[in-house]
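> what's the 3D shape of this:
(chains A and B)
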Amino acid sequence: AQSVTQLGSHVSVSEGALVLLRCNYSSSVPPYLFWYVQYPNQGLQLLLKYTTGATLVKGINGFEAEFKKSETSFHLTKPSAHMSDAAEYFCAVSRGAGNNRKLIWGLGTSLAVNP
Amino acid sequence: DTAVSQTPKYLVTQMGNDKSIKCEQNLGHDTMYWYKQDSKKFLKIMFSYNNKELIINETVPNRFSPKSPDKAHLNLHINSLELGDSAVYFCASSHLQTGFHEQYFGPGTRLTVT
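As a prediction, the model looks like this:
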């Protein structure tokens, strides 16, 4: 069964520093992988997704993630953190087929950006 | 031009009451979801409807009853509210047939049961 592990429930970086949020998955089939962001008091918003093809995927707001099958990882990065990046980030994997597809969510990583 | 909207945004009520949350999407999606997010931000799917048909029904007390009058609407009715029902409830929608399972979320309804 598919599952998602996000390492580090809280990550703190300085403004301008590299952001690295870790996500590992387990899946018996090629996965569809997602990163969502939740800004304070808002709903979740899709940052980027991996389905097939290029393993380095670019998303909104300068974020990107690389699918590494050998490491079963889908880590999220951004070269230079901005104060507005402070939010909760969720990694998710799609499970099931047909009408029974659903997203399996990680527990989230709270990103703090310090001035 | 809000894509997924929910009402109300805040809901404060007493134990034992019955309340409803409404959700509407104007994205033309065929699938809608209800999620519960607890105080630790853990996100749990509750229900999913595809073309008005219930397709996912996770382990949720039967006090929770979703209703989908049409593809664009999915409401959640909760009977006999309990303290543990306090959470943020998110509605989401997607187009299941694309195969990519990208979900668009509403702003959430913060339910507080006292």
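> quick check, the residue in chain A closest to chain B?
In chain A, the residue found nearest to chain B is A:Gly43; the distance is 3.5 Å by CB to the nearest CB. Every C-beta, even on glycine, is put in place using the N, C-alpha and C of the backbone.
> pLDDT score assigned to that residue?
On pLDDT, A:Gly43 comes in at 90.
> ignoring the adjacent residues along the chain, who's closest to it?
B:Phe105 (3.5 Å; CB to CB, 6 or more residues apart in numbering or on different chains).
> isn't the one you found right up against B:Cys91?
Yes. Between B:Phe105 and B:Cys91 there is a contact at 7.3 Å, judged by CB atoms under 8 Å.
> which one of those two is surrounded by more residues?
Using other CB atoms under 10 Å in any protein chain shown as the criterion, B:Phe105 and B:Cys91 rank with B:Cys91 on top: 28 against 22.
> so for that one, what's the pLDDT?
pLDDT, read off for B:Cys91, is 97.
> likewise B:Phe100?
58.
> centroid-nearest residue for chain A?
Residue closest to the mean C-alpha point of chain A, counted by CA atoms, centre = their mean, is A:Trp35 at 3.2 Å.
> and that residue, what is it in contact with?
Counting by CB atoms under 8 Å, 6 or more residues apart in numbering or on different chains, A:Trp35 makes contact with A:21, A:23, A:46-49, A:59, A:63, A:65, A:74, A:76, A:89-92.
> excluding sequence neighbours, find me the nearest residue to it.
With CB to CB, 6+ apart as the criterion, A:Trp35 has its nearest non-adjacent residue at 4.3 Å, and that residue is A:Leu47.
> so that neighbour is in which element?
Take DSSP states H and E as the rule and A:Leu47 turns out to sit in strand A:44-50.
> other residues contacting the following helix or strand past that strand?
As assigned by DSSP H and E, the chain's next helix or strand after strand A:44-50 is strand A:56-58. With contact meaning CB under 8 Å, 6+ apart, strand A:56-58 is reached by A:48-50, A:64-67.
> strands paired with strand A:56-58, and their directions?
In the sheet, strand A:56-58 lines up against strand A:64-68 (antiparallel) (DSSP bridges).
> quick check: closest non-adjacent residue to B:Gly28.
Excluding the flanking residues, the one nearest B:Gly28 by CB to CB, 6+ apart is B:His95, at 7.5 Å.
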